[in-house]
Structures are given as C-alpha cells and as structure tokens.
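K.L.:
with the sequence up front, the predicted model follows.
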Amino acid sequence: MSIIGIISSAMVLYELDIAHTLPPLCQLGNVSGMQINCAKVLLSPYSNISIFGFNISLDFLAVFWFIVNIFLVIALVTIADRPARAVFKGLFAWRFIGLMIVPYLVYMEFFVIHSICVYCTIMHGAILVDFGIISYLVFSKNARIRTSLFGQNQ
C-alpha cells in the first residue's frame, strides 16, 4: 500500500511543483453530490503547512511519510530480532501518526474545501490499509512476525 501511496503523492508533487500542471483526472465533476476537483484541494491554502517558517506542501510530507514507512518495513524484515522489535514499535507509531492525520484531511476536503481529490483519497486509503496491517501484526496472536519478535505470551 505504501508503494501505491508514494506513487500517488509523488505524481501530485511532480505535476504541481515541477511540471506546474494539474495531475490527470483532476476534475471529474460531481459524483453523488460531491465535487471531485483535485485542483480545488491541491491549490487551496490548506494544502501547505508552515514548519519552522518554511511553507511545505502536504504532498511533499506524504511522499516523506510513505518513504519512511517503506524503509521501516525493509528494516523490519532485514535486521536481527532485538533491533527489529524497536523498528516494529516504531513502525506502529509511524503508521499511527499517519492514521491520526487522515480524519483532519478528510474533514478539510469535505467540509471546508467542499471537494474531493482522487489522489488524496488514494493516499488516505493507503494509510488506512497500512495501519490495518500493522494493527493485525501488533494485536493478532496468530501473526507470525509478532510471535517471532515477542514470543508466544506477548
């Protein structure tokens, strides 16, 4: 899912910030009473945040989030057990941060901007599915990775 999320976010980042065009399928009109208009969402004042005085696009932060997520997964499957436990916990925390941001972004699209961005929706879905996967691995007694990292009784 992170690969899908990074493709979606990187495409928006490239199209808007480098090519200075809108991504394809950006304006699809009304679907079930909701306007599908990526341009309205991606070009809104809510599509950037200020961090330490720097104006940063949410698409850049999404690319960063998905890249970190992928590196954490690669680290988890390639390192030894003891450090892998810390990576596993870090991966859960990282995905939890992503999960906490999604409701705010969806709220902004639906109730403030009154438009939905197809690419943003793909990113939100990828974050939700990623969190579902890590939650299964953390909380399911049947998950092999949990058993191998933390033992049977954890």
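P.N.:
All right, it came through fine.
K.L.:
so who does Ser115 touch?
P.N.:
Ser115 makes contact with Met34, Gln35, Ile36, Asn37, Cys38, Lys40, Val41, Glu109 under the criterion CB atoms under 8 Å, 6 or more residues apart in numbering. Every residue, glycine included, has its C-beta placed from N, CA and C.
K.L.:
can you map out the strands along the chain?
P.N.:
In order along the chain, the chain carries the following strands (DSSP state E): 27-31, 34-37, 48-51, 54-57.
K.L.:
could you redo those strands as CSV and give each row mean pLDDT, distance to Ala143 and mean neighbour count?
P.N.:
Rendered in CSV, the data for those read as follows (pLDDT from 0 to 100; distance: least, CB to CB, whole Å; neighbours: other CB atoms under 10 Å):
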stretch, mean pLDDT, distance to Ala143, mean neighbour count
strand 27-31, 73, 37, 10
strand 34-37, 85, 37, 17
strand 48-51, 91, 35, 11
strand 54-57, 91, 35, 12
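K.L.:
of those strands, which approaches Ser135 most closely?
P.N.:
Go through those one by one with CB to CB and the one that ends up closest to Ser135 is strand 48-51, at 26.8 Å.
K.L.:
for stretch 89-100, C-alpha coordinates in PDB please.
P.N.:
Coordinates of the C-alpha atoms in stretch 89-100 are reproduced here as PDB (Å, rounded to 0.1, in the frame of the first residue of the first chain):
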ATOM      1  CA  LYS A  89       7.200  -0.500  17.600                       C
ATOM      2  CA  GLY A  90       8.400   2.500  15.600                       C
ATOM      3  CA  LEU A  91       6.500   1.300  12.500                       C
ATOM      4  CA  PHE A  92       3.300   1.100  14.500                       C
ATOM      5  CA  ALA A  93       3.900   4.600  16.000                       C
ATOM      6  CA  TRP A  94       4.700   6.000  12.500                       C
ATOM      7  CA  ARG A  95       1.600   4.500  11.000                       C
ATOM      8  CA  PHE A  96      -0.500   5.700  14.000                       C
ATOM      9  CA  ILE A  97       0.700   9.200  13.200                       C
ATOM     10  CA  GLY A  98      -0.500   8.800   9.600                       C
ATOM     11  CA  LEU A  99      -3.800   7.500  10.800                       C
ATOM     12  CA  MET A 100      -4.300  10.500  13.100                       C
END
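K.L.:
so for that stretch, what gets flagged as buried?
P.N.:
Buried positions in stretch 89-100, judged by neighbour count with 16 or more other CB atoms under 10 Å: Leu91, Phe92, Trp94, Arg95, Gly98, Leu99.
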